[in-house]
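*Asks:* fold the stuff below for me.
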Amino acid sequence: MKITKFYILRFHLAPFLFGTFLVVFLFLFQLLMRDLDKLVGKGLSFGVILHLIVLNLSWMVVLAIPMGVLFSSLMTFGNLTSTFEISAMKSGGMSFLQMISPVLISSMILFGFLLWFNDRILPESNHQAKILMIDINRKKPTFSLESGQFSTQIENYTILARKVDSLSNGLSGVTIYDLSNSKQTNMISADSGYVVFIPQMNKLRFWLFNGEILQVVPFEQKNYKKINFGKLEMFLDAKGFNLERTNEAMVSRSDREMRIRDMQIIVDEANKYINDVEDNIRRNLTKPSRILAEKNHTDTLDVGAIEDVVKRDMSYLESLISSEMFRLKDYEARARQYEVEIHKKYAIPFACVVFALIGCPLGIIVRRGNFGISAAISLGFYIFYWACLIGGEKLADRGYISPFLSMWGGNILIILFGIIILLKVANENSLIFRKFVNSILKKSI
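*Replies:* Below is the predicted model:
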């Protein structure tokens, strides 16, 4: 029986790896398409782009592994059923629960690994990826000039070249407006020249030939100088053309860049503030108005004075409660946000167990272990699960449902369905389900 269980697990390995890597590839392709404009034309080295991809692989792996479990379970048990190996195992005295037990145990091991990965590796990877994207977005494109167009990429300088040779960086008909000095404007003109970028100095080096420099003082038309030159060397600051790395301590962490224990501290603090605000509201609502303390002096107060005191008390109380209610909503929203993220760190890894529970009996019911059918069913369940996560998160952030239900709702629904078909298959009563699933597949094909 042990040999049979290892035999089933061995059948799972290839589909699991294929399904996981396929989902990672799709996520990676989506990432590149989304951020392509932020990477192309920035003069980034291959190492920087590769570093960004590796950092983003963390969240892709977390989402891809549960999909790989579902895909491999469907393919493996579909293949074993179509080749009548499931029937042979049953005739040998092996129950269906014994067949899926190694798969469930393996999925629980994956759950533990993903939970550790979600709490330790993923937050740090997300944080480093955010810092790197900030640096990339801040980096200016590699300096370039286009023929007949003004360039203002360098601060306080406007550069025009009538003709540009992109291969040799040669320039013809060059005009440079130097606006760095507010008391004097310099205009440099040259017949030809060339420019190079010096990364070590963070400078642009211009060599200009056969030209002149006009120095003009604003509002003083007669105060100008004209200097002719045969060869002129200029160094212009090119700040931002290199990739400058941000100090990690200067960038704050969001909920997706924090560990569970750190988020729990924030939730506990928010709940403490919520209790303090609620106590403050209750104290002010039950606090007797100052007008009651002045009742004994009504003989010295006219009606107008009493009304003024009442209005002043009511206005103060209304303003105080309005302010406290605003604080209360803010703390509640903060607590919900981090509670949702905490539950997500548990719920997504647990999807490995959920998808194994649903994939094994579904594979037997469908009786088809080919790629297309397994991919279609896996995609359908994954879309449903992902919709539950996204929809649940939005509803929880708005306070319509609890953070627990928002993240665990998809798992609960799939587990209930999985238990039903698991019991049907275990009791060898899956004919109705098989006809139902096959009719859906025939219509979709």
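
*Asks:* and residue 123, how close does it get to residue 389?
*Replies:* 18 Å (C-beta to C-beta, to the nearest Å). (C-beta placed from N, C-alpha, C; glycine too.)

*Asks:* cool, and residue 188?
*Replies:* 60 Å.

*Asks:* and the next element down the chain from the host helix or strand of residue 98?
*Replies:* Residue 98 is part of helix 96-138 when elements are defined by DSSP states H and E. Sequence order places strand 150-151 as the next helix or strand after helix 96-138, per DSSP H and E.

*Asks:* packing partners of that following strand?
*Replies:* Contacts defined by 3 or more C-beta pairs under 8 Å, 6 or more residues apart in numbering; DSSP states H and E place strand 150-151 against strand 157-165.

*Asks:* mind listing what's buried along the strand it packs on?
*Replies:* 157, 159-161, 164 (16 or more other C-beta atoms under 10 Å).

*Asks:* who are the packing partners of it?
*Replies:* Under the contact definition 3+ C-beta pairs under 8 Å, 6+ apart, strand 157-165 sits against strand 150-151, strand 170-178.

*Asks:* possible to save those strands as a markdown table with mean neighbour count and distance to residue 374?
*Replies:* Written out in a markdown table, the entries for the helices and strands packed on strand 157-165 read as follows (neighbours: other C-beta atoms under 10 Å; distance: least, C-beta to C-beta, whole Å):
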| stretch | mean neighbour count | distance to residue 374 |
| --- | --- | --- |
| strand 150-151 | 14 | 55 |
| strand 170-178 | 18 | 59 |
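
*Asks:* residue contacts, the residue lying closest to residue 175 once chain neighbours are set aside?
*Replies:* Nearest-residue entry for residue 175: residue 160, 4.5 Å, with adjacent residues in sequence omitted and distances by C-beta to C-beta, 6 or more residues apart in numbering. Under the criterion of C-beta atoms under 8 Å, 6 or more residues apart in numbering, the neighbours of residue 160 are 148-151, 173-176.

*Asks:* rerun at 10 Å
*Replies:* Residue 160 makes contacts with 145, 147-151, 171, 173-177, 189, as judged by C-beta atoms under 10 Å, 6 or more residues apart in numbering.

*Asks:* over to residue 236?
*Replies:* Residue 236 makes contact with 143, 154-157, 159, 176, 178, 180, 195, 203-206 under the criterion C-beta under 10 Å, 6+ apart.

*Asks:* I'd like to know which of these are buried.
*Replies:* The buried subset of the contacts of residue 236 - by 16+ other C-beta under 10 Å - is 143, 154, 157, 159, 176, 178, 195, 203-204, 206.

*Asks:* could you list the buried residues of the host helix or strand of residue 90?
*Replies:* Using DSSP H and E, the element containing residue 90 is helix 85-91. The neighbour-count criterion (16+ other C-beta under 10 Å) identifies 85-86, 89 as the buried residues of helix 85-91.

*Asks:* for it, enumerate the helices and strands it packs against.
*Replies:* Here helix 85-91 is seen to pack against helix 2-39, helix 46-82, helix 96-138 when contacts are counted using 3 or more C-beta pairs under 10 Å, 6 or more residues apart in numbering; DSSP states H and E.

*Asks:* okay, these, which one's buried deepest?
*Replies:* helix 46-82 (a mean of 21; mean count of other C-beta atoms under 10 Å).
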